[in-house]
Structure formats: structure tokens, C-alpha cells
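Chemist: Sequence plus the predicted model coming up.
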Amino acid sequence: MTCSFTKPLGLIAAMSVAVALSTSGAFADSGGATFSQGDKFSEKDGASLFANVCAACHLDKGQGAVGAGHYPALAKNENLESGGYPVTVVLHGLNGMPPVGQMMSDDQVAAVVNYVRTNFGNNYKDAVTAQDVKDAR
């Protein structure tokens, strides 16, 4: 004869272990990642913003990636010729890209857009201003 409490007690024991592990502080080390406070990024210059926000998907040289998703290359990208386009994408998102500009000031958005437009084989010198970003919000 099987006790009807065997399976529920096993489930309760497993859940107790899971809760104990999740509250014990046994989490992976961040490996020196830079964390921002609150819901805003703390980086100020375009290179730092790119490295800490954009490079995770677009990769370190802006080469883009294909795999679990499609992350377009920013390197030698003619779509960046008009500064308004990347500002709009950063602020409002596009396809799978989230609107990360909501977590940036106008100065930060302008900085990262200008960085991408003048690096990775891009040579668009007409800088985007914080006022341009404010107007696009």
C-alpha cells in the first residue's frame, strides 16, 4: 500500500531546498560588470555606453551577429548617415531592439549615437545634439 503523502512531501521538500538555495546568497559573481543605479545608465561617454549597453548584441566592433536573433552590423552602416535614424532607433526601439534610450539622458543618447556614427568604419561627422534627441523623444 502506498501512502498518499509520499509525492506531495517530496515536492514540498524539493521546493524547500530551492527556496533555501535562492535566498542563501549563492549567486554567480558579476565578473567586474559595471552596474548603474536605478533605471538609468551611469556611463557618460559614447564609447563606455557602447561597450556596456550596445556591444552585448552588436558586438565589440559593431560587426553584428546572427544566432538566437539577428543583430545588425553597425560597422560601415549606411543607415547611420542620417543622425535622426539611429536616434529614433535608440529611443523607440526597432524590431527586436528594445528602446534603451528610455534609460539614457538626451546627452547620453547623443553621445552613443555620435560614437557609433564616427567609429567602426563610419565617418558621419554631422554630430547629433542633445536637443536633437530631446526633439525626437
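Modeler: Nice, I can see it.
Chemist: Sketch out the helices for the chain, chain order is fine.
Modeler: Counting by DSSP state H, the segments of the chain that form helices are 6-23, 46-49, 55-58, 84-92, 106-117, 130-136.
Chemist: Any idea which of those has the lowest pLDDT on average?
Modeler: Comparing mean pLDDT across the helices of the chain, the weakest is helix 6-23, with a mean of 43.
Chemist: got a list of what the residue nearest to the spatial centre of the chain touches?
Modeler: Computing the C-alpha centroid of the chain and ranking residues by Cα atoms, centre = their mean puts residue 53 first, at 4.3 Å. Residue 53 makes contact with 41, 43, 100, 112 under the criterion Cβ atoms under 8 Å, 6 or more residues apart in numbering. For every residue, glycine as well, the C-beta is placed using N, CA and C.
Chemist: Now with 7 Å, please.
Modeler: With contacts defined as Cβ atoms under 7 Å, 6 or more residues apart in numbering, residue 53 is in contact with 41, 100.
Chemist: Could you measure from it over to residue 135?
Modeler: Look at residue 53 and residue 135: by Cβ to Cβ, to the nearest Å, they are 22 Å apart.
Chemist: Then residue 94?
Modeler: 19 Å.
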